[in-house]
Every structure is written in structure tokens, then in C-alpha cells.
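Undergrad: quick one: sequence and predicted model below, then my questions.
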Amino acid sequence: MVRRLHLVSGLVLFAYLVVHLTNHALVLVSIEAADRWLRIIHPILISWPVTAALVAAILAHVGLALWALWSRRTLRFTGYEAVQYALGFALPLLLAPHILHTRVADSLYGANWGYFRNVLLVAWDPGNPWGAWQLAATVLCAWVHAVIGLRGWLRLKPWYPRAQPVLLAVAVLLPALSLGALVSGRDAIARRVVEADFVAKARLSAPTPADAAVLDAIAVNARLGLLAAIAIVLLTRQLRWWLHHRQGQVRISYPDGATVTVPQGFSVLEASWLRGIPHAAVCGGRGRCSTCRVRVRAAPGTLPPPGPEEARVLARIGAPADTRLACQLRPTGACAVDPLLDAAQPARALMRFATPRLLGAEREIVVAFADLRDFTRLSEQRLPFDVVHLLNGYFRAMGQAVEASGGRVDKFIGDGVMALFGTEGAPDLAAACRDGLEAARRMALAIEALNQGLGAEYGGKLRIGIGLHAGPAILGEMGHGRTMGLTAIGDTVNTASRLEAACKEYGCELVVSEAVLAGAGVDLGEPHALAVRGRAEPLAIRAVARASALPERRRA
């Protein structure tokens, strides 16, 4: 609830900021255009519902920022967090005099709300040479603070990578146009100064010196109040640290042998950050992204049950019982944790781990291996360009056959292909078996089509061998850097590879295990018993001379 209120209050203030900067940017068209637009939106901005919403949003946002600072168990900040906190607390200090001399002056003293007689004169007042710099600093602080907060919220959305270029353009252009308008306004003020008594007339609607002194005193008191609140938060943090140390310590062990001892009340993520142990947390430890999750072992009674927010995230990703969010878990006794995601991975890569199976899970799937026969002899008689051209055509045809059948290409190995079926969606081995057989049929048809187009050019025909097997396999995101990808390992994979090699022994295009045929509910091919390394009993298989003759499966 607290985080949601913080987000809503921030969005209200951001909407006001966008309207404000857009109005500033219209000065680039003309000051008259900016004033015309302001006359339209000003009645809306000063209406009591909008005013109440703005005041409530300001108080809530500042108050919740102080609460967030107090709630942290450590003052170790990431780069983004340090900038966000610094700008967030600097903004009220910068905005206090600006708000008082514009909006408050307009409401209490009837100051003329217009760019000539207010904003631009505040910026380019000859008696205040730093006015423009202060206004520019305020604009930049507000905008950067808002953009960092929005990015932290939006980058967890699945559509964010596609929208990022447009959002970046807006994030750069709007403040640039607004600041450019200040320069344009300076030139306009300089031109108008030559008119008789322009500045003196413009100041007639400004508060009197006595009223201005009252506004300045209020601004000083507001700044001192905020600084006092920050000081109180920091002091109470130290008091809390001392009390927690007296209550007891919690020992947290990590896989590399490192141990961290922290006071009770610390989360596992805070313990990691306190001692500088790398720990992934894309959302900054707010319990939204699940990238900080850990596998935890502890004595009964030392782990509090998940709260509503943590339980919702764990349920969404289908996490097992021994998996918790490090940012939400606050153990009361000794425990051992194993972070499940690599903190060195970039945020976008970490967010790909949407389900535990990407970290490693066992699942019943179908594995297919396909390999070209005698391709080495054929390639030795061709130029390298021809070989690459032929292989790319072959890989494209195999990939299309697999994907059209509901599978996914796992990898290309030389002139071989490994494909997986049943890795997506709810487990359905029967459907995966049917998809695997359909892919074998399409692969064989694709080879026949390639031979029709390439036979005359290459002086030979391509021949293929396919192995299909169903069974349990370990699925997970494996690899390094850009080679990371979902793959499968285990006996089922090895057996499928052995079945593909057996196509040579039986002189056929497809060797399929009885497990696949039973799952698909079909009966075809010649039965055999194949001895497979690592298996005590022979494997029941069927040899199919022409895979292209398999019955077609019509997908919905």
C-alpha cells in the first residue's frame, strides 16, 4: 500500500510537471502563445480538486520519501538510488521559493500569472542574476528525479523495451525545449526593456516588499523544517540500530562460504548489500520483480511466512516452497541462502527469468535431433561460399518446419539441429509428441523441396536422419553472455541423439521411441530394440523409412 501511494503521488506530480514544462516550451513559439495556453489551463490548475490533489501529492511524496529513508536498514545506495534520494530531497529546497513567489503569490496577493510579468521576470530579474540558473536547476532536478522513478517502475513492464526509444526522445526533448524557452524569454525581456518603464510596470502586480519578505520567511522555515525532518530520520535510524543490536543477531550463510551477521529485522537483501555481497534486485528491493529470490534453508520457526506482496509474486512465478524473495525475507534465526540469479547479468537479462524453469526445472518434453547424411563428402567438393549458402538454406528450412509444428529450435550443431517440444505453456506431453512427429514430417518434406531446387546445381541429393524421444529433461537458461538461452540436458537428450545416429543402422529417415508413439497415440514403422549406452534394458523403437509419409497433423 505504501509503495502504491508513493507511485500514485509521484504520477500526479509528474503530470503537473509535464503540463508546466509544456507551457514553458511554448515560449519558443511566442510568449503570447504561452500566455494564451496558460489562460486555458490556469483555471483548471487553481481549481480546488486539482489544488487539493497537488498539495496531498507533495505532502505524501515527501513524507513517504522520509519513510523510505527510515525503513532502509543500510545507507549503501546504488548509483540510481543515490541520485534519486539526493534530487528528491533537494527539490523541496529549490521549489519552496519558486512556488511561494508564483502560485502562492498569485492566490494570496493577486500577482499577474503570466510569463511576461511573472515567470520570465523571476528568471531574468536584473536584481537577481542567479534567478535563471536556479530555475534551470529546479527544472533539471525535477525532471531527472521523475524520469529515474518512472524508469524504475516501467522497466518491469513487458512492453517497455519496445517503447523505450520513444520514451527516451520525450525524456530528452521536453526539458531541452523548456530550458530553451528560458533563453528565448531572456531575449524577449531584453527587447521589451527598451520600452518605457516596462520592468517597473510589470512589477506593479508583484507582492509588496513586506509581503515578499513574508513569503521568503515561509520558504526559509519550510527548508529548515525539511532539513530537521531528515536529521530526525537519520538520528532515529541510529537509535533503531542500537535497539536491534540489543535484541539479537542473525547469521546468514552464502554458497561461497561468506557469512553475514546482522541485527534481527534485516532482510536478506539488506544483509547482502550491507556487506557488499553481489545480489540481483532489478526493482531495488521493492518486492516487484522477483530477481532477488533465493533458495533458503533454516530451522523450523526461524522464517516468517511470506506477506501478501511476497506471496503474490511467488505465486505468479510458481516458486517452490524453499524459494523466497530476499528483499522481503527477514529471518529471526540462522539460515543459509543461495541467490538464484547472477547479479552480474544486466537488468533486461535478469527480467527474462519469468518462471523458475528458466533457472532449472524438470519437465516431460520431446527432443528431436536431425542431421544431414554424408554432408562432409558433399561439402569437400564445393567452394566455401556454396557450402555456407547451402547450410543457411537447410537451417532456414529446418527452423521453419520446427516452429510451424509448435516446437523451438534449441541449437544448430554443425549440420545438425536440436529441437524441443513441450517447453512452453502448461505441460502436455501428448501434444508435444504429436508436435514432434509433425516436425519430422515437415523436415523430410523440406529436404525433398531443397533437393528439387538444388539437385541440378550441386550434383547430389541431401539426405536426413531424425531421432525423436520423449521423457524427463532438465530445462534451464544456460550459457554465458549473449549465448544464454533456454536448453535441455539429461538422458532424454542423449537418447534422442542416439536415435538420430541409429538412422544409419536401419537405413531410414526417422527412428522414434515407443514413448513418443504412445504419447501421440499412433502406431507406425518397424519395431526394433535398440541398446543405448547407460541403459540397462534395450529401448523399444520404430524405424520409419520415409518421414514425409507420416500422417499430417492439423494444428488449431
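TA: Perfect, thanks for sending it. All of these numbers come straight from a predicted model, not from anything done at the bench.
Undergrad: shaky segments in this protein?
TA: 1, 109-131, 181-206, 245, 345-360, 376-382, 425-426, 453-460, 480-484, 554-556 (pLDDT under 70).
Undergrad: report the central residue of it.
TA: Per Cα atoms, centre = their mean, the C-alpha nearest to the average position across the chain is that of L156, at 3.7 Å.
Undergrad: find the nearest non-adjacent residue to it, please.
TA: Counting by Cβ to Cβ, 6 or more residues apart in numbering, the nearest residue to L156 once its immediate chain neighbours are dropped is C289, at 5.5 Å. (Glycine included, C-beta is placed from N, CA and C.)
Undergrad: so that neighbour is in which element?
TA: Under DSSP states H and E, no helix or strand contains C289.
Undergrad: count the neighbours of G180 for me.
TA: A total of 14 residues lie near G180 under the criterion other Cβ atoms under 10 Å.
Undergrad: my read: it touches L28, true?
TA: Yes. In this structure G180 lies within contact range of L28 using Cβ atoms under 8 Å: 5.9 Å.
Undergrad: tell me how this protein divides into domains.
TA: 2-240, 249-350, 357-549 (automatic domain parsing).
Undergrad: ok but A142 is inside a strand, no?
TA: No. The assignment for A142 (DSSP: H, G, I helix; E, B strand; the rest coil) gives helix, which keeps it out of a strand.
Undergrad: 53 is where my numbering starts, stick with that
TA: With the count now opening at 53, the last piece we talked about shows up as A194.
Undergrad: quick check: buried residues in the strand of greatest length in the chain?
TA: Counting residues, the longest strand found in the chain (DSSP state E) is strand 515-530. Residues of strand 515-530 classed as buried: 516-523, 525-529 (neighbour count, 16 or more other Cβ atoms under 10 Å).
Undergrad: tell me the one of those residues nearest G559?
TA: G559 has its nearest neighbour among the buried residues of strand 515-530 in G517, at 9.9 Å by Cβ to Cβ.
Undergrad: any buried residues in the helix or strand following the longest strand of the chain, and which?
TA: Per DSSP H and E, strand 515-530 leads on to strand 537-541 as the next helix or strand towards the C-terminus. Across strand 537-541, burial judged by 16+ other Cβ under 10 Å covers 538-540.
Undergrad: go through stretch 347-363 and flag the buried ones.
TA: 347-348, 350, 355, 358, 361-362.
Undergrad: can you name the residues that contact A142?
TA: A142 sits next to C193 when contact means Cβ atoms under 8 Å, 6 or more residues apart in numbering.
Undergrad: can I assume it sits in a helix?
TA: Yes. Under three-state DSSP, A142 falls within a helix.
Undergrad: pretty sure R55 contacts R338?
TA: Yes. Contact criterion Cβ under 8 Å: R55 and R338 qualify, at 5.8 Å.
Undergrad: so the two - more neighbours on which side?
TA: R338 (19 against 15).
Undergrad: am I right that the more buried one is in contact with Q380?
TA: No. The criterion here is Cβ under 8 Å, and R338 misses it with Q380 at 9.5 Å.
Undergrad: neighbouring contacts of stretch 93-104?
TA: Outside stretch 93-104, the residues touching it (Cβ under 8 Å, 6+ apart) are 68, 71, 75, 155, 158-159, 165.
Undergrad: what does stretch 452-463 give?
TA: Residues contacting stretch 452-463 (Cβ under 8 Å, 6+ apart): 418, 420, 450-451, 469-473, 475-476, 483, 487-488, 490-491, 494-495, 497-498, 537-540, 605, 607.
Undergrad: drop anything exposed from those residues.
TA: Members of those classed as buried by 16+ other Cβ under 10 Å are 418, 420, 450-451, 469-473, 475, 483, 487-488, 490-491, 494-495, 497-498, 538-540, 605.
Undergrad: right, I'll leave it there.
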